[in-house]
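everything below, folded, please.
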Amino acid sequence: MSTDSDVRLDVWLWAARFFKTRSLAKQAIEGGKIEVNDAAAKPARLVHVDDRLRITRGIERFAVRVIATSATRGPAAVAQGLYEESPESLAARESEREMRRLTGAGFDHPHKRPDKHSRRLLRGFKQGSG
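Sure, this is the predicted structure:
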């Protein structure tokens, strides 16, 4: 953990363990999933202490403030020290998680494994030919 401010946004997101690889972080930034100080950003944008980031990762949304910068990926405990999540963001994520748990996330799991005919129908449907 350091306080040097010469860290790219995609590298910082990778070091803070929001994404498994730097290229995934870059794709998220280019896809508009990351905002820095309420504005769209580019992967090469430099991250500074006290920047506010909005990160959308799948169905999770984070609102964090940068506490420190780092260009190296370390243990999770060190990565969590790079940012501070807002209490509103934490509460919203917890309520969403609880709602998904209570509703079963809308999944209706089959009672048994599909038979051969059903698997062929599913495969055709997924490929668009059936």
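
show me where this protein has its helices.
Assigned by DSSP state H, the chain shows helices spanning 9-15, 22-30, 76-80, 87-103, 116-127.

of all those helices, which lies closest to Thr69?
Of all those, it is helix 9-15 that lies closest to Thr69, at 6.0 Å by C-beta to C-beta. Any C-beta I mention is one placed from the backbone N, CA and C, and that applies to glycine too.

contacts for the closest one?
7, 19-22, 24-26, 28-29, 34, 36, 41-47, 55, 66, 69-74, 79, 82 (C-beta atoms under 8 Å, 6 or more residues apart in numbering).

buried deepest among the helices of the chain, which one?
Neighbour counts (mean count of other C-beta atoms under 10 Å) averaged over each of the helices of the chain peak at helix 9-15, with a mean of 24.

and the residue nearest the centre of the chain, how far from Ser86?
Centroid-nearest residue in the chain, with C-alpha atoms, centre = their mean: Arg57, separated by 2.5 Å. Separation of Arg57 from Ser86 (C-beta to C-beta, to the nearest Å) stands at 16 Å.

wait, which of the helices of the chain is closest to Asp51?
It's helix 9-15; of the helices of the chain, that one is closest to Asp51 (C-beta to C-beta) at 9.0 Å.
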